[in-house]
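Asks: I'll drop the sequence and a predicted model, then ask my questions.
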Amino acid sequence: MRLIGTNGMRVAMLAICTLTVSAIPAMAQDNGAPPPPPAGDQGPGGGGHRDPARMEERQLEMMTKHLNLTPDQVTQVKAIDDAQRSQMMAMRGDTSMSRDDKHSKMMAMRQDREAKIRAVLTDDQKPKFDAMLAKEHERMENRQGGQGGPPPPPPAAQ
């Protein structure tokens with residue numbers, strides 16, 4: 001005595017497949033979890049390009065903490081950073097400049113920014129700022145392998 005015939009078995013399998021396929025979009029619905037951070041805004045050591053405005057914000061937070069910037073100094077440093085970011089964005093869009101020329105100009109802009117920030121600082125804050133810059137420069141050198149190239153490969157495991 002068969003409860004389900006061949007046709008009944010086909011109908012049952014078709015129903016199961018239909019339910020399975022229709023359940024996939026329901027399972028893919030947003031579960032309320034926050035999305036992962038964008039690939040371009042990775043944290044330290046994450047690689048990739050970062051959002052310049054976010055980097056400036058973090059740097060300003062760090063300077064405020066380490067140098068004990070006053071609210072007026074924070075405003076002035078932020079204005080310096082905003083102006084530099086605008087100049088850099090305009091230069092990046094300039095297709096008439098060679099890569100080397102852009103790099104040289106960016107380095108000059110960076111030095112100009114540092115000089116303007118130093119002018120805002122007190123005599124007590126300047127040595128701390130210089131130490132921060134030295135540490136940042138060292139980090140950049142290490143990341144670039146000391147010669148502006150990619151970092152050296154990790155030592156082989158023994």
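Replies: Received it, and whenever you're ready, just let me know what you need. Numbering: from 1, shown residues only.

Asks: now Met91: how far from Asp81?
Replies: For Met91, the distance to Asp81 (C-beta to C-beta, to the nearest Å) stands at 15 Å. The way it works is simple: take the backbone N, C-alpha and C, and place the C-beta from them, glycine included.

Asks: Comparing those two, which shows the higher neighbour count?
Replies: A direct count of neighbours by other C-beta atoms under 10 Å for Met91 and Asp81 places Asp81 higher, at 21 against 14.

Asks: any idea which helix or strand carries that one?
Replies: Assigned by DSSP states H and E, Asp81 falls within helix 71-92.

Asks: hey, C-alpha coordinates of that helix in CSV?
Replies: Extracted C-alpha coordinates of helix 71-92, given in CSV (Å, rounded to 0.1, in the frame of the first residue of the first chain):
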residue,chain,number,x,y,z
PRO,A,71,39.5,75.3,22.2
ASP,A,72,40.9,78.2,20.3
GLN,A,73,43.9,76.2,19.2
VAL,A,74,41.7,73.3,18.1
THR,A,75,39.7,75.7,16.0
GLN,A,76,42.9,77.1,14.4
VAL,A,77,44.4,73.7,13.7
LYS,A,78,41.1,72.5,12.2
ALA,A,79,41.1,75.5,9.8
ILE,A,80,44.7,74.7,8.8
ASP,A,81,43.8,71.1,8.1
ASP,A,82,40.6,72.0,6.2
ALA,A,83,42.6,74.4,4.0
GLN,A,84,45.3,71.8,3.3
ARG,A,85,42.8,69.1,2.5
SER,A,86,41.1,71.4,0.0
GLN,A,87,44.4,72.1,-1.7
MET,A,88,45.4,68.4,-1.8
MET,A,89,42.1,67.4,-3.3
ALA,A,90,42.5,70.0,-6.0
MET,A,91,46.0,68.9,-6.7
ARG,A,92,45.0,65.2,-6.9
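
Asks: Next, the angle from the helix or strand encompassing Lys128 to helix 71-92.
Replies: Take DSSP H and E as the rule and Lys128 turns out to sit in helix 125-143. With axes from the mean of the first three to the mean of the last three C-alpha atoms, to 10 degrees applied, the angle from helix 125-143 to helix 71-92 works out at 40 degrees.

Asks: residues making contact with helix 125-143?
Replies: With C-beta atoms under 8 Å, 6 or more residues apart in numbering as the contact definition, helix 125-143 has outside contacts at Met62, Met63, His66, Leu67, Asn68, Leu69, Glu114, Ile117, Arg118, Leu121, Pro151.
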